[in-house]
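Trainee: Got a sequence here, can you build the structure:
(one chain, ligands or ions: 1)
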Amino acid sequence: MTRRLHINLFIHGRGHHEAAWRHPAASPLPLTDLRYYTDLARKAEAGCLDSVFLADTLGVGEDAAHAPRTWLEPVTTLAALAAATTHIGLIATCSTTYTEPFNMARQFASIDHMSRGRAGWNIVTTWLATAAGNYGAPSPLSHADRYERAEEYMQVVKALWDSWSDDAVLDDRASGAYARPGSIRPINHIGEHYRVAGPLNLPRCPQGRPVFVQAGSSDTGRRFAARHAEAVFTAQMEKATARDFYADLKALAASEGRNPDHVLILPGLSPVIGGTEAEAQRVAHELNDLSDAEVGRKRLSGRFGGHDFSHLPLDRPLSVEDFPDPATVQAARSRTEVIIGLVRREKPTLRQLLGYMAGARGHYATAGTPEQIADLIEDWFRDGAADGFNLMPPILPAMLDVFVAEVVPLLQRRNLFRTMYSGETLRAHYGLPRPALLFGDGATAIS
Ligand SMILES: Cc1cc2nc3c(=O)[nH]c(=O)nc-3n(C[C@H](O)[C@H](O)[C@H](O)COP(=O)(O)O)c2cc1C
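Mentor: Here you go, the predicted structure:
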């Protein structure tokens, strides 16, 4: 079978460039207006994209006065998007550290039912240090503790999603049998962090379980992804590191006894697209001119768990010594490695580094014509760096519009991308199997 690209639209602010919200081509709608999200999802669906994704952080950043960080709560927004679309996959973040597994399993099963099999869950452990204060935690959990809890969390939610057999619901009005005897079972989980009796109070969902997406790229994060993820979002600043990441994660998945084809690697791509290269560069410059270095400095500090960069001059070349050791960072460790890797390779000034980060927070940002963007996508896809992309338009909706109108047709003509949906579920779009039921561990069924 011909290998095809997978493309997810990552909806974030009025675009992924830090200054997008101020750009005249960005949407005039407030970021709390549901129409903004439904319009974007429908546009992505018109372009036959696999899925849309809504991220989530559980607190307000320090830059709230200078950059829009408000967005609607993602799971409730997915419910609205399920009603507004028919085919496109619907992925949202939910935190293993700050959400009870029963709540999470129930909400995503509901979204999968409402959308008839289009739900995906982005599994995060929440790196944002200030989130702890919103959930009654005295201090943020360490990186290692978060991943350890997440491992047990996965056991619990998988068991909950499997607590009803596929054929449990009879709904037989004549005989009065709603469910098949023996087909609904408690899970009786008693672990170090969770005690959950189950079963879930909802029949098994169309996809069996939502598609598991994950985006941790540290060593621990990669091993977690290799065990559980079916799609992996990753921030890579160049093709060489993307290829290493791709090879490493596929090998790790194989070593966990999984089929590496069932773990899709989707690096972020944030393209400014113009009719000519000069036009694309002009828009990229407009965006950079609207950025505020001091906002960037605060965001950099957040990435490093609150490290103080206020003393660093903007225009002297940086060195690795200006940063804390990534191994000591308890926040988003892999992103700090990406940043320090860039500093080691290119020795940018702080102003230049903040310029890169403003583009797409450490993801691959570029500017070019539709042909150049299609060439880049094809090159990474064919050269072992990606199974597709997490599309992060720098300005929304303008750069999504041009991607769908100009880049998608080029990819379709090259036979790299679908021209219509051939399935109904997110698993079908991503080419993933429906998980077998982990049923029958001896638990007594509810009769
Ligand atoms: C595309 C992408 C989306 C992400 N979305 C979220 C999110 O919505 N919420 C969150 O807390 N972290 C999010 N993250 C961060 C990751 O879950 C993870 O914490 C981060 O990549 C650091 O991984 P590590 O802890 O394994 O180093 C995202 C990362 C990427 C690359």
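Trainee: use CA for all of it now, contacts and neighbours both
Mentor: Noted.
Trainee: So in terms of bridging, what pairs with the nearest residue to Pro435 once chain neighbours are set aside?
Mentor: Leaving aside its chain neighbours, Pro435 sits nearest to Gly208 (6.1 Å; criterion: Cα to Cα, 6 or more residues apart in numbering). Residues in a beta bridge with Gly208, per DSSP bridges, are Cys205.
Trainee: Is it correct that Gly208 is in contact with Leu432?
Mentor: No: judged on Cα atoms under 8 Å, Gly208 makes no contact with Leu432 at a distance of 11.8 Å.
Trainee: Let me see the confidence value for the residue nearest to Pro435.
Mentor: Reported pLDDT at Gly208 in the predicted model: 97.
Trainee: Any idea how many residues pack against it?
Mentor: By the criterion of other Cα atoms under 10 Å, Gly208 has 22 neighbours.
Trainee: dump the residue contacts of it.
Mentor: By Cα atoms under 8 Å, 6 or more residues apart in numbering, the contact set of Gly208 is Trp161, Asp162, Asp166, Arg434, Pro435, Ala436, Leu437.
Trainee: What is the nearest of these to the ligand?
Mentor: Nearest to the ligand out of those is Trp161 (Cα to the nearest ligand atom; 22.1 Å).
Trainee: got the contact list for that closest one?
Mentor: By Cα under 8 Å, 6+ apart, the residues touching Trp161 are Ala105, Ala109, Leu200, Arg204, Cys205, Gly208, Arg209.
Trainee: show me what contacts the fifth one?
Mentor: To tie it back to what came earlier, the one meant is Cys205. Counting by Cα under 8 Å, 6+ apart, Cys205 makes contact with Ala109, Ser110, Asp112, His113, Gly117, Trp161.
Trainee: Likewise for the second one?
Mentor: Shown here is Ala109, whose contacts under the criterion Cα under 8 Å, 6+ apart are Ala119, Trp161, Leu202, Arg204, Cys205, Arg209, Pro210.
Trainee: wait, the last one sits on Ser115?
Mentor: No: applying Cα under 8 Å as the test, Pro210 and Ser115 come out as separate, 11.1 Å apart.
Trainee: In terms of helices and strands, where is Arg116?
Mentor: Assigned by DSSP states H and E, Arg116 belongs to neither a helix nor a strand.
Trainee: now swap in the one 4 residues further on and tell me
Mentor: Counting by DSSP H and E, the element that carries Gly120 is strand 119-124.
Trainee: on that earlier part again, could you dump the contacts of Trp161 to TSV with distance to the ligand?
Mentor: Output for the contacts of Trp161, formatted as TSV (distance: Cα to the nearest ligand atom, whole Å):
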residue	distance to the ligand
Ala105	17
Ala109	19
Leu200	25
Arg204	26
Cys205	23
Gly208	23
Arg209	19
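Trainee: Just give the closest residue to Leu411, not the sequence neighbours.
Mentor: Leaving aside its sequence neighbours, Leu411 sits nearest to Phe417 (Cα to Cα, 6+ apart; 5.6 Å).
Trainee: Run through the helices of the chain in chain order.
Mentor: Ranges of helices in the chain, per DSSP state H, are 34-46, 74-84, 101-114, 143-161, 219-228, 239-255, 277-290, 293-303, 333-346, 350-360, 370-382, 398-402, 408-413, 426-430.
Trainee: Ok, which of these comes nearest Leu312?
Mentor: helix 350-360 (7.5 Å; Cα to Cα).
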